[in-house]
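Asker: Below is the sequence, then the predicted model.
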Amino acid sequence: MALWVLFHLLLFLVLKPTDANLEGDALFALRREVHDPNNILQSWDPTLVDPCTWFHVTCDSQNRVTRLDLGNAKLSGKLVPDLGKLERLEYLELYMNNLVGPIPAELGNLKSLVSLDLYHNNLTGSIPPSLSNLSNLRFLRLNRNRLTGRIPRELTKLGNLKILDVSNNDLCGTIPSTGSFSKFTEDR
(Lines give C-alpha, C1' and ligand atoms only; values in the text may rest on other atoms or scores of the structure.)
Protein backbone atom coordinates (compact mmCIF):
# COMPACT_ATOMS: atom_id res chain seq x y z
CA MET A 1 0.00 0.00 0.00
CA ALA A 2 2.78 2.45 0.93
CA LEU A 3 4.54 1.74 -2.36
CA TRP A 4 1.31 2.44 -4.26
CA VAL A 5 0.90 5.80 -2.47
CA LEU A 6 4.54 6.72 -3.11
CA PHE A 7 4.20 5.80 -6.78
CA HIS A 8 1.12 7.98 -7.21
CA LEU A 9 2.70 10.88 -5.33
CA LEU A 10 5.75 10.75 -7.61
CA LEU A 11 3.51 10.46 -10.65
CA PHE A 12 1.57 13.55 -9.50
CA LEU A 13 4.76 15.54 -8.99
CA VAL A 14 6.13 14.56 -12.39
CA LEU A 15 2.90 15.25 -14.27
CA LYS A 16 1.85 18.33 -12.29
CA PRO A 17 1.88 21.32 -14.63
CA THR A 18 4.36 23.99 -13.67
CA ASP A 19 3.35 27.60 -13.11
CA ALA A 20 5.42 28.58 -16.14
CA ASN A 21 3.51 26.15 -18.35
CA LEU A 22 0.18 27.41 -17.02
CA GLU A 23 1.31 30.95 -17.78
CA GLY A 24 2.45 29.89 -21.24
CA ASP A 25 -0.97 28.36 -21.81
CA ALA A 26 -2.64 31.59 -20.69
CA LEU A 27 -0.52 33.68 -23.06
CA PHE A 28 -0.98 31.22 -25.91
CA ALA A 29 -4.76 31.53 -25.42
CA LEU A 30 -4.30 35.24 -26.21
CA ARG A 31 -2.24 34.39 -29.27
CA ARG A 32 -4.98 32.08 -30.55
CA GLU A 33 -7.63 34.77 -30.05
CA VAL A 34 -5.91 37.69 -31.77
CA HIS A 35 -5.01 38.40 -35.37
CA ASP A 36 -1.31 39.26 -35.64
CA PRO A 37 -0.63 40.67 -39.13
CA ASN A 38 2.99 41.57 -38.36
CA ASN A 39 3.89 38.23 -36.73
CA ILE A 40 4.83 39.95 -33.48
CA LEU A 41 3.86 36.77 -31.62
CA GLN A 42 5.65 34.27 -33.84
CA SER A 43 8.14 33.38 -31.08
CA TRP A 44 5.26 32.28 -28.82
CA ASP A 45 5.83 28.53 -29.03
CA PRO A 46 3.61 26.55 -26.65
CA THR A 47 5.99 23.57 -26.75
CA LEU A 48 8.72 25.47 -24.89
CA VAL A 49 9.12 24.85 -21.15
CA ASP A 50 8.11 28.40 -20.27
CA PRO A 51 7.20 31.64 -22.04
CA CYS A 52 10.21 33.57 -20.73
CA THR A 53 12.04 33.28 -24.06
CA TRP A 54 9.09 34.69 -26.01
CA PHE A 55 9.43 38.19 -27.42
CA HIS A 56 7.45 40.89 -25.58
CA VAL A 57 7.26 38.78 -22.39
CA THR A 58 9.39 39.55 -19.32
CA CYS A 59 9.81 37.14 -16.42
CA ASP A 60 11.25 37.26 -12.92
CA SER A 61 14.07 35.07 -11.57
CA GLN A 62 11.58 32.24 -10.95
CA ASN A 63 10.45 32.27 -14.60
CA ARG A 64 7.08 33.81 -13.78
CA VAL A 65 5.63 36.35 -16.21
CA THR A 66 5.82 39.90 -14.86
CA ARG A 67 5.35 42.00 -17.98
CA LEU A 68 3.52 41.77 -21.28
CA ASP A 69 4.52 44.50 -23.75
CA LEU A 70 2.29 44.45 -26.80
CA GLY A 71 1.49 48.13 -27.16
CA ASN A 72 1.03 49.37 -30.74
CA ALA A 73 1.48 45.83 -32.11
CA LYS A 74 -1.45 46.10 -34.57
CA LEU A 75 -3.20 43.17 -32.90
CA SER A 76 -6.93 42.71 -33.37
CA GLY A 77 -9.34 40.40 -31.61
CA LYS A 78 -10.49 39.87 -28.06
CA LEU A 79 -8.82 39.81 -24.68
CA VAL A 80 -9.02 36.40 -23.04
CA PRO A 81 -10.00 35.61 -19.43
CA ASP A 82 -6.90 33.39 -19.24
CA LEU A 83 -4.77 36.51 -18.75
CA GLY A 84 -6.13 36.54 -15.19
CA LYS A 85 -3.94 33.48 -14.48
CA LEU A 86 -0.71 35.49 -14.72
CA GLU A 87 -0.41 35.82 -10.95
CA ARG A 88 2.82 37.84 -10.91
CA LEU A 89 2.04 40.11 -13.84
CA GLU A 90 2.92 43.71 -12.99
CA TYR A 91 2.55 45.41 -16.38
CA LEU A 92 -0.12 44.63 -18.96
CA GLU A 93 0.59 46.84 -21.95
CA LEU A 94 -1.90 46.27 -24.77
CA TYR A 95 -2.52 49.88 -25.79
CA MET A 96 -3.01 51.17 -29.35
CA ASN A 97 -4.21 47.95 -30.94
CA ASN A 98 -7.61 47.04 -32.32
CA LEU A 99 -8.86 44.90 -29.45
CA VAL A 100 -12.63 44.51 -29.22
CA GLY A 101 -15.15 43.09 -26.80
CA PRO A 102 -15.26 43.38 -23.03
CA ILE A 103 -12.46 43.71 -20.52
CA PRO A 104 -12.43 40.28 -18.83
CA ALA A 105 -13.44 40.40 -15.17
CA GLU A 106 -10.64 37.89 -14.55
CA LEU A 107 -8.09 40.70 -14.90
CA GLY A 108 -9.17 41.51 -11.34
CA ASN A 109 -7.18 38.42 -10.27
CA LEU A 110 -3.87 40.06 -11.20
CA LYS A 111 -2.96 41.03 -7.63
CA SER A 112 0.59 42.14 -8.55
CA LEU A 113 -0.52 44.43 -11.37
CA VAL A 114 0.96 47.95 -11.22
CA SER A 115 -0.03 49.19 -14.68
CA LEU A 116 -3.03 48.31 -16.84
CA ASP A 117 -2.77 50.05 -20.20
CA LEU A 118 -5.61 49.17 -22.56
CA TYR A 119 -6.07 52.62 -24.04
CA HIS A 120 -6.78 53.37 -27.69
CA ASN A 121 -8.53 50.12 -28.63
CA ASN A 122 -12.18 49.37 -29.37
CA LEU A 123 -13.08 47.68 -26.11
CA THR A 124 -16.78 47.66 -25.24
CA GLY A 125 -18.94 46.87 -22.26
CA SER A 126 -18.50 48.17 -18.75
CA ILE A 127 -15.40 48.60 -16.62
CA PRO A 128 -15.29 45.45 -14.47
CA PRO A 129 -15.75 46.18 -10.75
CA SER A 130 -13.28 43.31 -10.16
CA LEU A 131 -10.46 45.72 -11.08
CA SER A 132 -10.94 47.08 -7.55
CA ASN A 133 -9.08 43.95 -6.34
CA LEU A 134 -5.85 45.28 -7.86
CA SER A 135 -4.47 46.85 -4.69
CA ASN A 136 -1.01 47.48 -6.22
CA LEU A 137 -2.41 49.25 -9.29
CA ARG A 138 -0.88 52.69 -9.89
CA PHE A 139 -1.78 53.31 -13.54
CA LEU A 140 -5.18 52.55 -15.06
CA ARG A 141 -5.51 53.82 -18.61
CA LEU A 142 -8.68 52.80 -20.42
CA ASN A 143 -9.14 55.95 -22.49
CA ARG A 144 -10.12 56.01 -26.16
CA ASN A 145 -12.25 52.87 -26.20
CA ARG A 146 -16.01 52.41 -26.44
CA LEU A 147 -16.66 51.48 -22.81
CA THR A 148 -20.14 52.13 -21.46
CA GLY A 149 -21.88 52.37 -18.11
CA ARG A 150 -20.66 53.98 -14.93
CA ILE A 151 -17.21 54.11 -13.40
CA PRO A 152 -17.45 51.43 -10.69
CA ARG A 153 -17.49 53.03 -7.23
CA GLU A 154 -15.43 50.07 -6.01
CA LEU A 155 -12.41 51.50 -7.84
CA THR A 156 -12.18 54.23 -5.19
CA LYS A 157 -10.62 51.53 -2.94
CA LEU A 158 -7.46 51.55 -5.06
CA GLY A 159 -5.26 53.44 -2.64
CA ASN A 160 -2.10 53.29 -4.78
CA LEU A 161 -3.75 54.60 -7.94
CA LYS A 162 -1.84 57.62 -9.30
CA ILE A 163 -3.22 57.89 -12.83
CA LEU A 164 -6.73 57.12 -13.96
CA ASP A 165 -7.73 57.91 -17.52
CA VAL A 166 -11.14 56.83 -18.79
CA SER A 167 -11.63 59.75 -21.17
CA ASN A 168 -13.05 59.37 -24.67
CA ASN A 169 -15.41 56.50 -23.89
CA ASP A 170 -19.19 56.35 -23.71
CA LEU A 171 -19.36 56.31 -19.91
CA CYS A 172 -22.26 57.85 -18.06
CA GLY A 173 -22.97 59.08 -14.56
CA THR A 174 -20.78 61.06 -12.24
CA ILE A 175 -17.12 60.53 -11.56
CA PRO A 176 -16.63 59.17 -8.03
CA SER A 177 -14.93 61.69 -5.77
CA THR A 178 -14.34 59.65 -2.62
CA GLY A 179 -11.49 57.41 -1.50
CA SER A 180 -8.47 57.42 -3.79
CA PHE A 181 -10.44 59.40 -6.39
CA SER A 182 -10.50 62.45 -4.12
CA LYS A 183 -6.93 63.28 -5.17
CA PHE A 184 -7.71 63.34 -8.90
CA THR A 185 -8.57 66.38 -10.96
CA GLU A 186 -10.63 66.28 -14.10
CA ASP A 187 -8.21 67.09 -16.92
CA ARG A 188 -9.53 67.40 -20.41
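Answerer: Cool, the structure landed. Numbering: from 1, shown residues only.
Asker: where are the low-confidence patches of this protein?
Answerer: Scanning the chain with the threshold set as pLDDT under 70 gives 1-20, 187-188.
Asker: got the residue ranges for the strands in it?
Answerer: Assigned by DSSP state E, the chain shows strands spanning 34-35, 57-59, 65-69, 76-78, 91-93, 98-101, 115-117, 122-125, 139-141, 146-149, 163-165, 170-171.
Asker: Including mean neighbour count and distance to Thr178, could those strands go into a markdown table?
Answerer: Every residue, glycine included, has its C-beta placed from N, CA and C. Output for the strands of the chain, formatted as a markdown table (neighbours: other CB atoms under 10 Å; distance: least, CB to CB, whole Å):
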| stretch | mean neighbour count | distance to Thr178 |
| --- | --- | --- |
| strand 34-35 | 16 | 37 |
| strand 57-59 | 18 | 35 |
| strand 65-69 | 20 | 32 |
| strand 76-78 | 16 | 33 |
| strand 91-93 | 19 | 26 |
| strand 98-101 | 16 | 30 |
| strand 115-117 | 21 | 21 |
| strand 122-125 | 16 | 24 |
| strand 139-141 | 19 | 17 |
| strand 146-149 | 15 | 19 |
| strand 163-165 | 17 | 14 |
| strand 170-171 | 14 | 17 |
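Asker: out of those strands, which comes closest to Ser182?
Answerer: Relative to Ser182, the nearest member of the strands of the chain by CB to CB is strand 163-165, separated by 11.9 Å.
Asker: Partner strands of the closest one and their direction?
Answerer: On the basis of DSSP bridges, the sheet neighbours of strand 163-165 come out as strand 139-141 (parallel).
Asker: Just send the strands of the chain back as TSV, with distance to Ala26 too.
Answerer: As requested, the strands of the chain are arranged in TSV below (distance: least, CB to CB, whole Å):
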stretch	distance to Ala26
strand 34-35	13
strand 57-59	11
strand 65-69	8
strand 76-78	14
strand 91-93	12
strand 98-101	16
strand 115-117	16
strand 122-125	19
strand 139-141	21
strand 146-149	23
strand 163-165	26
strand 170-171	29
